[in-house]
Each structure stands twice: as C-alpha cells, then as structure tokens.
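A.B. asks: quick one, fold the following:
(one chain, ligands or ions: 1)
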Amino acid sequence: MRALAGVVGVVAVVVGIALFATRDERAEAGEPISQQMAGPDTTGAAVWAHLHENGYEEWATWPEKGEMYQGQAPHGAQLTTYLNGIAADALEDGEEEFPAGSIVVKQNYMPDGTLAAVTTMYKVPGYNPDAANWYFTKHLASGDLDRMPNGMEMEGRVPGCIGCHQAKADNDYIYTGELGG
Ligand code: HEC
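C.D. replies: Numbering: from 1, shown residues only. This next block holds a predicted model:
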C-alpha cells in the first residue's frame with residue numbers, strides 16, 4: 001500500500017510538470033496576448049471596451065501632471081494622461097521600459113474643455129518590435145476610431161503615431177516624462 005501511494009505521488013508530480021511545460025510552450029507558440037495576461041486583444045473595440053469596463057478615469061494620472069494639464073501640438077489644448085496599474089507600478093519603480101500589459105491613455109480636450117479624442121499606447125510583447133511593441137489607438141469621444149486621410153482607422157501600427165513617437169525611442173517612445181528616474 002505504501003509503495004502504491006509513493007507511485008501515485010510521483011505520477012502526480014510528473015503530470016504537474018508536464019502541464020506547466022505545455023503552458024509555457026503555448027505562450028511561446030504565440031497565443032493571443034489576452035490569454036497570457038489580463039489585457040485586451042489588439043483591436044480598437046477591445047481596447048475601448050477594456051478602458052470603460054475597468055473605469056480608466058479612476059486610474060492613476062501621470063505623476064505630477066494631474067488632470068487637464070496644458071498640452072502641445074498635435075494632441076490638444078488640455079490633456080489628462082492615465083496609467084493602468086502595471087504602467088503606474090513600473091513608472092514608480094523606475095523601470096526603463098513599460099512592461100507587458102502596460103496601458104497609457106491620454107485624453108485630448110479642446111480649449112473649451114470638450115473631450116475631442118482618447119489616444120492609447122498598449123504594450124504587447126512581440127506585437128511590433130520595430131516600435132517598442134506598442135499598439136496605438138486614437139478614438140473620438142464617440143468611441144469610433146479616428147481615421148487617417150486615406151480612410152485607414154487609427155489602430156495598431158499607425159504610421160503617424162510611430163513616426164513622431166520614435167523620436168523618443170530612447171525613452172520607450174514616451175514623451176510625457178522620463179522613464180528610469
Ligand atoms: C507630431 C508628433 C506626434 C504625433 C503624430 C503623435 N503624438 Fe502622441 N505625443 C506627442 C507628444 C509631444 C506627447 C506629449 C504630450 C504633451 O505634453 O503635449 C504625446 C503623448 C502621447 C501619449 C501619452 C504617452 C506619451 O508618449 O507621453 C499617448 C498615449 C500618445 N501620445 C498617443 C498617440 C497616438 C495614438 C498617436 C497617433 C494617432 C500619436 N500619439 C501621435 C507627439 C505626437
């Protein structure tokens with residue numbers, strides 16, 4: 001009987017290790033990021049839903065910026081920039097890059113205080129190594145994606161966003177403040 005119990009124990013451990021290995025292999029095989037971490041899929045609709053389901057306007061604002069601070073072109077007269085928990089922790093810990101699942105959300109207001117647009121940068125490992133793996137979106141206040149002059153919706157690897165933000169490549173494509181400090 002003792003011997004049988006021992007065998008059962010060993011089998012349980014081996015099966016446990018095998019299950020772990022399978023999960024790692026699945027992650028490496030490129031399973032959707034949403035199944036590897038608690039982030040939205042890389043679509044404009046999923047990101048917009050995620051922000052609202054998670055009450056992003058209650059998230060931490062960018063340190064020392066607060067709400068409705070003065071912005072510069074092209075984003076708007078007044079800005080509020082929010083960080084999800086992963087991003088806020090990384091900034092506070094002095095990380096030099098935002099980790100997987102970080103979301104930075106910036107609201108752009110018109111001079112009269114009307115919300116004009118909501119832009120996001122969402123860090124998705126492997127999504128776009130040429131642009132620090134940021135997934136970009138720009139939504140209008142209505143929740144529709146904004147469009148480029150050629151009609152393309154502003155979500156994903158948006159050339160205009162990347163073209164300007166890459167000037168800050170040494171700061172993980174981020175303008176609002178220095179990382180690593
Ligand atoms: C011409 C340059 C330029 C373009 C184009 C641009 N940005 Fe920005 N972005 C900035 C600047 C400058 C800031 C800092 C905001 C400020 O203080 O005015 C910023 C800030 C941000 C932030 C807050 C995080 C950070 O980097 O500081 C997000 C999110 C963002 N931009 C998203 C976008 C998205 C999405 C697009 C494309 C639809 C875009 N940006 C296009 C210059 C640009």
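A.B. asks: the most centrally placed residue in the chain and residue 144: what is the separation?
C.D. replies: When Cα atoms, centre = their mean is applied to the chain, the residue found nearest the centroid is residue 122 (2.1 Å). For residue 122, the distance to residue 144 equals 18 Å [Cβ to Cβ, to the nearest Å]. For glycine as for every other residue, the C-beta is placed from the backbone atoms N, C-alpha and C.
A.B. asks: same check, this time on residue 72
C.D. replies: In terms of Cβ to Cβ, residue 72 sits 25 Å off from residue 144.
A.B. asks: just residue 178 next, same as before
C.D. replies: Here residue 178 is placed at a distance of 33 Å from residue 144 (Cβ to Cβ).
A.B. asks: and stretch 172-181, what's buried?
C.D. replies: Neighbour counts over stretch 172-181 (16 or more other Cβ atoms under 10 Å) mark 172, 173, 174, 176, 179 as buried.
A.B. asks: need those in TSV (columns: pLDDT).
C.D. replies: Below are the buried residues of stretch 172-181 laid out as TSV (pLDDT from 0 to 100):
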residue	pLDDT
172	98
173	98
174	98
176	97
179	97
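A.B. asks: which strand of the chain spans the most residues?
C.D. replies: Looking across the chain with DSSP state E, the single longest strand is strand 115-123.
A.B. asks: thanks a lot, catch you later.
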